[in-house]
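Novice: got a sequence here, can you build the structure:
(one chain, ligands or ions: 1)
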Amino acid sequence: MNKIDKRLHFLLGKVKEECKKVKELSDYELKNKTNEFKRRLLAGETTEDILPEAFAVCCEADYRVLGMFPYDVQILGGIALHLCYLCEMNTGEGKTLTATMPLYLNGLTGKSTILVTANEYLAIRDAEEMGQVYKFLGLSVKAGVNRDTNEKLDNETKKDVYNADIVYTTHGALGFDYLINNLVRSKEDRFMRDFYYVIIDEADSVLLDSASMPLVISGSPRVQSNLYGITDFFVTTLVEDVHYTLEDKKVWLTTKGVEYVQRYFRIQNLYGKENYDILRHVVLALRAHFLFDKDIDYVVTDKGEMVLLDKSTGRKLNGMKLRGGSHQAIEEKEHLELSDEQRSVAAITYQNLFNLFPKMSGMSGTIADGKDELLEVYHKQVVVIPPNKPLARKDLPDKYFKTSEEQFDAVIKETVKRHNTGQPVLLIASLISDTEMLSKLLVQENIEHSVLNANNAFWEAEIIKEAGQRNVVTVATSMAGRGTDIHLGPGVKELGGLCVLGVGRMNNTRDERQARGRAGRQGEPGVSIFYTSLEDDVCEILGDDFLEKYIEKDKHISKRRIKKLINKSQKIKSESSVFQRKSSVDYDSVMQRQRTIMYKTRNDLIDGKNLDENVLVQIVGNNIDEFFAKHKNVDDFLMNRYILDNLSYRLKKLSISTADKKEYLKQYANRAFNDKKQLLGKRFSEYCRLCTLSALDEGWVEEVDYLQQLQAAISGRSTAQRNLLFEYQREARISFEDMEKSIKKAMIRNILLGEVSFGKDNEMIILYP
Ligand SMILES: Nc1ncnc2c1ncn2[C@@H]1O[C@H](COP(=O)(O)OP(=O)(O)OP(=O)(O)O)[C@@H](O)[C@H]1O
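Specialist: I've put the predicted structure just below:
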């Protein structure tokens, strides 16, 4: 037993001792423990000190309210979660109940305690079901999402939600709320407390699979660029390996390609700042043509709309847009009407979101597969909790086929065979098109079945519940592979439990283990088999030409060879995902550093931190110095222009010498500043704060948008000679400095040129220049 396991078992022993004592308490006494714990925490005891007792109280409440007493392994898991490890517990071991203990303990601190689950259905279900326990013990609990995902919660409701002792929500809702909470303009509109403790359910899916897709809040549309059409055509004239290189799902221009762009667009240096827009559009068009495939990455609907597909589940991602112009570039390639290109107002990745929690933990049935990456990126250790009962599921060896035709044929034969005995069968495929094909073949065999590839987690979960009944056949995309609890109907155990048939190699082994994990829950019997072929989506990475050679009609190829090729493809695929995620961490750390500074400054301003007037005067002076540095000859016309644009709408001649123009402007500015100060009296500092906030937001929104685009543009530069990350960091630093300068200008302009009036509650209304 290693050191961590020893500590967990030691604490488990303590909890079990306390459990014996707690059993004797009346309901009233048990509930009263919550107040006692809160008092003791306030008096200086730590959560670790009270862990054994608090866990015991929660176990007893779990039993009295839900009829389930946590097993020892669940208590172990709960302790590991409290100690902020990432916890692997087998699928079906009861992670939902496990989480009640650490959530209760951390909820006692009065600090924000949150559990994020994979979808709205689970968040609402768990808040309701597990919520009964917390309510019984006197803690409040809320779900942070609505049943109807289109219906958004308003800020007042959100305040109520995030003030609850324990919150169940989804990672998406939490991320967006965090961003929205940092866009508010006044203290009263804030609805979130500082983060404290989080448990991430299906942590590998959130921290790894969803990690590189940032959450982005979009604002007003950008003016539509007319470069999409030209660059789209231009890209069709390029020759592979002469003008561009395509490798491992990446594409970039060769030196010859760069020269060709320069000739074609008649520009000197494609990488010069002045040609940034051309570079960006060429890169976008290259990616649209060579990295995005119709019917695999996206579909075009009858209405002529491009809709993205989720590669791991095959779902249509309605309403989801690629960022930084990629969406429009693909629309252009497909000759569709271009949708509005929205500016990014705020963005964050999950990695950075969860790193904001001083205490972060997670659980999943399949997290140990990613343990090295999790340690490297999140500095988090994975702890594997043994199952309560030994696993009785039989995971049979994968079956290998040359073509998808043979593969589907074999799956259907196996389904028919098992179905004839009454055993329930769950077929899980990665792509929507595969589920449709399976369904067609089942109809031909006259087998009744349900197909789950819709976009509604509530509905899905209800149907999948039936999947364990006698004679039931269910076809689903891998979205049914996580978090769904399939109970066996009467007599099914005797038939061997649920049979999971996986169709096609998945992108990583974790998804496969999740799919198998629908069977054999809680030590029940079950069976799983995967059917794979060279035409599986993962094998695409080997290249069409290469594959065609093998798939040719009459050519013989041994099963061993097929197995080798498929294993290799999955390995390449998951390694390239790891690489992509690591590079997205590096890129995002730049934005994270900037965001930390900006949010801190913003929060200080919203919280009423006053600006030092001397500093303001100094900024005015610096702005003027910079103006003179930029313009060698400042004549009267330029001077007046500067005054009108920055200092005052009314030009008046001051009775001081204009011999030293710089000095004259500084005096002018000082007077304007003092006039404003006099006009506003006591409310001057509040006014300055609001003006600064407005300038800050304007600058930051531009920067966020720019960084999003910069990342897209940079990724298309030749990787051979350049360190892309380094270039990105350098350009990001320059743009941050530029932003600081423009914020300083805008804040002074706002202060000196802003028009103030007062509303009926005497609130300040400012019309910014
Ligand atoms: N201590 C317990 N006593 C009795 N039943 C339990 C206990 N713990 C969990 N269960 C039951 O076990 C089932 C599986 O629980 P749950 O869905 O939380 O598993 P899971 O670990 O989240 O699975 P997955 O990894 O698939 O999400 C549920 O039906 C639950 O009611």
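Novice: who are the contact partners of the residue nearest to residue 74 when sequence neighbours are not counted?
Specialist: Once flanking residues are discounted, residue 74 sits nearest to residue 98: 4.4 Å by Cβ to Cβ, 6 or more residues apart in numbering. Just so you know, the C-beta spots here come from the backbone N, C-alpha and C atoms, and that holds for glycine as well. Neighbouring residues of residue 98 by Cβ atoms under 8 Å, 6 or more residues apart in numbering: 70, 74, 77, 78, 81, 87, 89, 363.
Novice: do I have it right that the first one meets residue 59?
Specialist: Yes - contact criterion Cβ atoms under 8 Å: residue 70 and residue 59 qualify, at 5.1 Å.
Novice: ok so, going back, report the entries of the contacts of residue 98 that also contact the ligand.
Specialist: 70, 74, 89 (Cβ under 6 Å from any ligand atom).
Novice: of those residues, grab the buried ones for PyMOL.
Specialist: The PyMOL selection below is limited to those of those classed as buried (16 or more other Cβ atoms under 10 Å):
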select buried, resi 70+74+89
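Novice: any chance of the ones next to the ligand among the contacts of residue 98 in a markdown table, with secondary structure and distance to residue 729 too?
Specialist: As requested, these are arranged in a markdown table below (DSSP: H, G, I helix; E, B strand; the rest coil; distance: Cβ to Cβ, whole Å):
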| residue | secondary structure | distance to residue 729 |
| --- | --- | --- |
| 70 | coil | 47 |
| 74 | helix | 45 |
| 89 | coil | 39 |
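Novice: the stretch 251-400 of the chain: strands as residue ranges?
Specialist: Using DSSP state E, counting those that start in this stretch, the strands of the stretch 251-400 of the chain run over 298-300, 306-308, 342-348, 359-364, 382-384, 393-395, 399-401.
Novice: so which of those comes closest to residue 207?
Specialist: Comparison of the strands of the stretch 251-400 of the chain against residue 207 by Cβ to Cβ identifies strand 359-364 as nearest, at 6.6 Å.
Novice: related to what we said a few turns ago, rank the strands of the stretch 251-400 of the chain by pLDDT, which is bottom?
Specialist: Lowest mean pLDDT of the strands of the stretch 251-400 of the chain: strand 342-348, a mean of 74.
Novice: who does it pair up with?
Specialist: In the sheet, strand 342-348 lines up against strand 215-221 (antiparallel) (DSSP bridges).
Novice: following the strand it pairs with, which helix or strand comes up?
Specialist: helix 227-236 (DSSP states H and E).
Novice: thinking again about what came up before, using a markdown table, lay out the strands of the stretch 251-400 of the chain together with mean neighbour count and distance to residue 286.
Specialist: Formatted as a markdown table, these follow (neighbours: other Cβ atoms under 10 Å; distance: least, Cβ to Cβ, whole Å):
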| stretch | mean neighbour count | distance to residue 286 |
| --- | --- | --- |
| strand 298-300 | 17 | 17 |
| strand 306-308 | 19 | 18 |
| strand 342-348 | 20 | 22 |
| strand 359-364 | 25 | 37 |
| strand 382-384 | 20 | 39 |
| strand 393-395 | 19 | 42 |
| strand 399-401 | 21 | 35 |
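Novice: any chance of a markdown table for those, columns distance to residue 249?
Specialist: Output for the strands of the stretch 251-400 of the chain, formatted as a markdown table (distance: least, Cβ to Cβ, whole Å):
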| stretch | distance to residue 249 |
| --- | --- |
| strand 298-300 | 15 |
| strand 306-308 | 16 |
| strand 342-348 | 23 |
| strand 359-364 | 26 |
| strand 382-384 | 28 |
| strand 393-395 | 30 |
| strand 399-401 | 25 |
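Novice: among the ones you listed, which comes closest to residue 280?
Specialist: strand 342-348 (14.2 Å).
Novice: residues touching the residue in the chain that the ligand sits nearest to, list them.
Specialist: In the chain, the residue that lies nearest the ligand is residue 94 (2.5 Å; Cβ to the nearest ligand atom). Applying Cβ under 8 Å, 6+ apart to residue 94 gives the contacts 68, 70, 71, 74, 388, 522.
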